[in-house]
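Chemist: what's the 3D shape of this:
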Amino acid sequence: MPEDVSFNTERHVKYYLRCLKTFLPSAYTSNDSNRMLLAYLTLSGLDVLGVLQSKTTLEERGGYIDWLYHCQVPTGGFRGFPGTDFGAERRNKDNEAWDPANVPATFFALVNLLILGDDLSRVKRRECLQWLPTVQRGDGSFGELVGPDGSLGGARDLRYCCCAAGIRYILRGNDGLEGVPDIDVSGLVSFIEACQTYDGGMAESPFCESHGGHTYCAIGALDFLRRSSNDLNIPLISAGSDKFEALITWLASRQTAQIEDPEEDDMEDDQPQSQGSEMAPLADRVHELLNIEPVDVDTVTCAGFNGRCNKYADTCYSFWNGATLVMLKQYSVVDEVRNRQYLLERTQHLVGGFGKGPGDPPDLLHSYFGMVSLAFQGEPGLSAVDPTMGATERIVRHLESLPWQ
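Modeler: Residues are numbered from 1 along each chain as shown. I've put the predicted structure just below:
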C-alpha cells in the first residue's frame, strides 16, 4: 500500500462545487423527485469540508433558501421537489393530495435550512407538527405521506421513522406548541424494538433481514427521541442490556476484508482470445487500470463495511454502521486504520468524491457518507459531524440557539 495515501481535499471541494453549480450527470434524472436529498448531500458535503461559506455567496445561499421554502406545502411539511406544485391559486381540497408533503423531504428541507444558516422563521411550524401525527400508523410506524382520501402511503419502514423523529426534534423543542398533539412516542419505540432480529441487527420492519442502513435509522430515531425526552428508558440503547450487546456484536461484524467480487472469466476455454492473450477477469482489468495490486483476502490491509451478512464492502456502510456506533459510544470496536485505507485507497476517486466500491465512479451519496465516515475518525480538514443529524456539529449548535429549543 502507498504510504502517501491521503484525503484529497481540493479535489473533493471541486467535486461538490460541480454538483452544486453545474448540471448533474444524466444518471441523476431518475432522482428528480429527490432533489431535496441531493441538495442535502451537496450542501452538507461543502459544510463538512468547511468551505460552504467561502465558496458560495450570500446571494447564492439566499437563493437556495428561497428554493427550499418554495417546496413548503401550505398545510405543513415539504415536498421533495417543485414539480408537483400547482400554485396557490390552483391548489384546493380536491387536488391537494396530489401535491403532498412527504416525511423524508421535510426532514432534509429542515436540515438544509439549518446548514444555510436560516432561522426557520418561515417554516409553518404549527402546521407541520399537526401533520406529523397523521402519517403515523396504529402500530407506531410512520408512512411517507398522506394520499387521496386520507390514505397513508409508504411502507412500514424505519427510514420514515427516523425522519419523523428528526422533524419532531427540530420543530417541537421544549415548548411543544400548546394545543398541537404529539406523535405516539411509546408506540414508535415499540415498533423500533420489534424490528431487532435474532442476530442483533435491525430490519426495515419486524421479521425482515437485519440491515446496516435500517439499523442506523432505528438508533437515530431513538436518539432523536432521547434528546427530546431525557427520561426515556430504552433498553436497546442502554449499555449492558442483552439487546444492546447483541446490536454491538452485529455492528462490529459488519467490517469486512471482502471488499470486491473477484469475478471469474465466463468465457469458454475454446473461445478466441484477444491478441493471443487470455482475457483477464473484470476485477483484474480494473486493478490494472488503477495501478493497484489485486486483493488477497489473507493479507489485505483494507477493511470496509457491508450492510448485510455475506456481502462485500460498500463505501456508504462505513457511515451507516460507524455513525450508529458513534451514537452508541462504541466506535472503538472499529478498525479505523483499515477502514480509512479502504476508503482512501479503494473508493476515493481521482476526480474527487467516492464510489460505491473499487473502480466505481463517484456519486453524491457515497461521496458524502464516505467523507463523513472519515470525519468520525478525525481526518484533517473535515469538520466534526453529529451522527444523528448527519450534519456538522455547527448545525446542532445553530438549532439549539432557536427560540423554541
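
Chemist: CA only for contacts and neighbour counts going forward, please
Modeler: OK.

Chemist: Tell me the secondary structure at residue 168.
Modeler: Following DSSP: H, G, I helix; E, B strand; the rest coil, residue 168 is assigned to helix.

Chemist: How many neighbouring residues does the residue nearest to it when sequence neighbours are not counted have?
Modeler: Once flanking residues are discounted, residue 168 sits nearest to residue 129: 7.2 Å by C-alpha to C-alpha, 6 or more residues apart in numbering. Residues within reach of residue 129, counting by other C-alpha atoms under 10 Å, total 22.

Chemist: contacting residues around the closest residue to residue 73 other than its chain neighbours?
Modeler: Of all residues not flanking residue 73 in the chain, residue 101 sits nearest, at 6.0 Å (C-alpha to C-alpha, 6+ apart). By C-alpha atoms under 8 Å, 6 or more residues apart in numbering, the contact list for residue 101 reads 72-73, 76-80, 145-146.

Chemist: repeat that with 10 Å
Modeler: 71-80, 128, 131-132, 144-147 (C-alpha atoms under 10 Å, 6 or more residues apart in numbering).

Chemist: can you pull out the strands in the stretch 201-350 of the chain?
Modeler: Secondary structure of the stretch 201-350 of the chain by DSSP state E, counting those that start in this stretch: the strands cover 255-256, 304-305.

Chemist: and the first one, what other elements does it pack with?
Modeler: Helices and strands touching strand 255-256, as assessed by 3 or more C-alpha pairs under 10 Å, 6 or more residues apart in numbering; DSSP states H and E, comprise strand 304-305, helix 317-327, helix 336-341.

Chemist: of the ones you listed, which approaches residue 168 most closely?
Modeler: For those, proximity to residue 168 was assessed by C-alpha to C-alpha; helix 317-327 is nearest, at 18.5 Å.

Chemist: And that closest one, what does it pack against?
Modeler: Short answer (3+ C-alpha pairs under 10 Å, 6+ apart): helix 317-327 packs on helix 212-228, helix 242-252, strand 255-256, strand 304-305, helix 336-341, helix 364-376, strand 385-386.

Chemist: quick one on the thing from earlier: and among the strands of the stretch 201-350 of the chain, the most buried is which?
Modeler: Compared across the strands of the stretch 201-350 of the chain, strand 304-305 shows the largest average neighbour count, a mean of 29 (mean count of other C-alpha atoms under 10 Å).

Chemist: Report the strands that pair with that one, each with its relative direction.
Modeler: strand 255-256 (antiparallel) (DSSP bridges).

Chemist: averaged over its residues, what pLDDT does the strand it pairs with have?
Modeler: Mean pLDDT, computed over strand 255-256, is 96.

Chemist: Pull out the buried residues from stretch 89-99.
Modeler: Buried residues in stretch 89-99, counted by 16 or more other C-alpha atoms under 10 Å: 96-97, 99.

Chemist: Actually, stretch 48-65.
Modeler: So for stretch 48-65, counting by 16+ other C-alpha under 10 Å, buried means 48-50, 52, 61, 64-65.

Chemist: List just the nearest of the residues you listed to residue 200.
Modeler: Using C-alpha to C-alpha, those come closest to residue 200 at residue 48, 31.4 Å.

Chemist: how deep is the nearest residue in space to the closest one that is not next to it in sequence tucked in, by neighbour count?
Modeler: Of all residues not flanking residue 48 in the chain, residue 383 sits nearest, at 5.0 Å (C-alpha to C-alpha, 6+ apart). Neighbour count of residue 383, defined by other C-alpha under 10 Å: 19.

Chemist: Tell me who's in contact with residue 383.
Modeler: With C-alpha under 10 Å, 6+ apart, residue 383 has these contacts: 47-50, 372, 375-376, 391-394.

Chemist: Worst mean pLDDT across the helices and strands of the protein, which element?
Modeler: Least confident helix or strand of the chain, by mean pLDDT, DSSP states H and E, is helix 282-290 with a mean of 43.

Chemist: so where is the stretch 251-400 of the chain shaky, pLDDT-wise?
Modeler: 261-300 (pLDDT under 70).

Chemist: Likewise for the stretch 1-150 of the chain?
Modeler: Looking at the stretch 1-150 of the chain by pLDDT under 70, you get 1-4.

Chemist: need the helices for it, in chain order.
Modeler: Using DSSP state H, counting those that start in this stretch, the helices found in the stretch 1-150 of the chain span residues 9-21, 35-48, 52-55, 58-70, 103-115, 125-131.

Chemist: any idea how this protein splits into domains?
Modeler: Per the record, the chain has its domains at 31-85+95-123, 136-253, 255-262+280-305+312-405, by automatic domain parsing.

Chemist: got these as a markdown table, with distance to residue 18 columns?
Modeler: What follows is those, written out as a markdown table (distance: least, C-alpha to C-alpha, whole Å):
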| stretch | distance to residue 18 |
| --- | --- |
| domain 31-85+95-123 | 10 |
| domain 136-253 | 27 |
| domain 255-262+280-305+312-405 | 10 |
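
Chemist: Tell me which of those domains sits nearest to residue 14.
Modeler: Here domain 255-262+280-305+312-405 is closest among the domains of the chain (C-alpha to C-alpha), at 7.1 Å.

Chemist: Now do the closest one: distance to the chain's middle.
Modeler: 12 Å (C-alpha atoms, centre = their mean, to the nearest Å).

Chemist: Could you tell me the end-to-end distance of it?
Modeler: End-to-end distance for domain 255-262+280-305+312-405: 37 Å, by C-alpha to C-alpha, to the nearest Å.

Chemist: contacting residues around residue 371?
Modeler: Residue 371 touches 7, 12, 45, 48-49, 315-316, 318-319, 343-344, 348, 353-354, 379, 382, counting by C-alpha under 10 Å, 6+ apart.

Chemist: how about 7 Å then?
Modeler: Residue 371 sits next to no residue when contact means C-alpha atoms under 7 Å, 6 or more residues apart in numbering.

Chemist: Distance check, it against residue 232.
Modeler: Residue 371 is 32 Å from residue 232, by C-alpha to C-alpha.

Chemist: picking that back up, how near is the residue nearest to residue 73 to residue 71?
Modeler: 9 Å.

Chemist: Now for the two: what residues contact both?
Modeler: In contact with both residue 101 and residue 71: 78-79, using C-alpha under 7 Å, 6+ apart.

Chemist: returning to what we had before: between the contacts of residue 383, identify the one with the most neighbours.
Modeler: Neighbour max across these (other C-alpha under 10 Å) = residue 372, 31 neighbours.
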